[in-house]
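> Just the structure for this:
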Amino acid sequence: MTTSGPVTDGDDGSDSGTEGGDGTTGSTRRSHRVTISDLARRLHISKASVSYALNGRAGVSDETRQRVLDLAEELGFHPNSAAVALSASRTRTIGIVIARDPTLISTEAFYMRTLVGIEQYLNEVDSSLLLRLTGEHGEDLDVLRRWSRQGRVDGFILFDELENDQRIPLLRELGVPCVVVSSNEPDDTVGRLISSPDETVSLLLGHLAELGHTNIAHISGPFTFIHERLRVQTLQEHAARHGITVRHIEGSYRYDDGAELTRQLLTGTHPPTAIVLGNDLMAVAALRVAMDLGTAVPGEVSIVAWDDSPLCELARPGITAVDQKTMERGRAAADLLLRIVTGNHPLHEEAPAGELRHRESSGPAHS
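Next up, the predicted model:
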């Protein structure tokens, strides 16, 4: 599936500059980023005509060209540097190949919100996204190889890094840039948007520790993912400092899995006073199971989620979660990749910081 921003909204990727909501100029206009769409709308001409005029191409009259240039100067319009560099001899397309069950992708907010952030950014710089969902048995490698050899993309954004991940050496061999949305920072000359689990663990465990919880269960995603193993390791380190016991149970991010594992915890011996779920979907499942069992939330068990989403906000009681700024991280990953493609390093960048959203599902530990 290919998605894109407006095809003609800035062949030079021009998208910066500012304009006030009333169209004023000068020092009073600093609230809105001026785009080619804005110029076209003000001049009542097509975005293609604006693009031709800005880039000195044939296809518009001298009078129209001058009108475009005059308005661009008046509104403080300036090209986006990464997009300008991309305009020469490149596809202006980035690729994402996700080796996950499509039914899970469609229900998990992380991917949807991340992709929205990526698409928003690409739309602003007149670039496109080529997206493919594959099976989980190496089909993604075939797609990466084929798209790279066909020259269909300028680079890739990679998610869910594995131990000895074959995608990274493959793209290095093919000479295609990539950005890994990552929890670690190895010295492997690969672009990485770093999102350390330390920050989220500090937020969640600090919150639960303040509420007096010392018996906590953690239902994670698959341990095959490096970021999940790092979460477990970081949780253990922070728990030891707080004098907290944390039990780790491997899950799958699926609703049914979150429900079954929560049921086992709450009906077993020595049930936890708080459960940390690896995503929003499993957290909603845990809340439903607790209610079905007659276990009061948060009176008898607190439920918190690693990732926030509208599901956590709309649940009753609302689920405490960490807002991972997934849309912002999507934008940051796309921006980093385009800068790497155009030779504008560094390779590594820190992801935007997350924030704890305290809602009704977490409360003081019961005695």
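
> Got the domain ranges for this protein?
36-88, 93-195+327-350, 197-323 (the TED database).

> start to end distance for the last one?
It stands for domain 197-323. Using CA to CA, to the nearest Å, one end of domain 197-323 lies 13 Å from the other.

> now do the second one
From its first residue to its last, domain 93-195+327-350 covers 23 Å (CA to CA).

> can you list the weak-confidence ranges in the stretch 51-200 of the chain?
Within the stretch 51-200 of the chain, the stretches with pLDDT under 70 are 55-58, 78-89.

> Which parts of it are strands?
For the stretch 51-200 of the chain, applying DSSP state E, counting those that start in this stretch gives strands covering 93-98, 128-133, 155-158, 178-182, 191-194.

> what about the strands in the stretch 251-367 of the chain?
Going by DSSP E, counting those that start in this stretch, the stretch 251-367 of the chain shows strands at 274-277, 302-305, 320-323, 348-350, 355-357.

> CSV for these, including mean neighbour count and mean pLDDT?
For every residue, glycine as well, the C-beta is placed using N, CA and C. As requested, the strands of the stretch 251-367 of the chain are exported to CSV (neighbours: other CB atoms under 10 Å; pLDDT from 0 to 100):
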stretch, mean neighbour count, mean pLDDT
strand 274-277, 30, 98
strand 302-305, 29, 98
strand 320-323, 24, 98
strand 348-350, 16, 91
strand 355-357, 16, 97
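
> For R172, which of the ones you listed is the nearest?
Judged by CB to CB, the one of the strands of the stretch 251-367 of the chain that comes nearest to R172 is strand 348-350, at 15.8 Å.

> now for the closest one, which elements pack on it?
With contacts taken as 3 or more CB pairs under 8 Å, 6 or more residues apart in numbering; DSSP states H and E, strand 348-350 sits against strand 191-194.

> buried residues in the strand it packs on?
For strand 191-194, the neighbour count (16 or more other CB atoms under 10 Å) marks G191, R192, L193 as buried.

> who touches the first one in this structure?
Right, the one you point to is G191. P177, C178, V179, V180, L336, L337, I340, L347, H348 (CB atoms under 8 Å, 6 or more residues apart in numbering).

> ok, now with 7 Å
Shown in contact with G191 (CB atoms under 7 Å, 6 or more residues apart in numbering): P177, C178, V179, V180, L336, L337, I340, L347.

> With F225 instead?
With CB under 7 Å, 6+ apart, F225 has these contacts: D160, E161, L162.

> let's see 6 Å
Contacts of F225 were listed using CB atoms under 6 Å, 6 or more residues apart in numbering, and they are D160.

> As a markdown table, the strands of the stretch 251-367 of the chain with distance to H366 would be great.
Shown next, in a markdown table, are the strands of the stretch 251-367 of the chain (distance: least, CB to CB, whole Å):
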| stretch | distance to H366 |
| --- | --- |
| strand 274-277 | 10 |
| strand 302-305 | 9 |
| strand 320-323 | 16 |
| strand 348-350 | 38 |
| strand 355-357 | 22 |
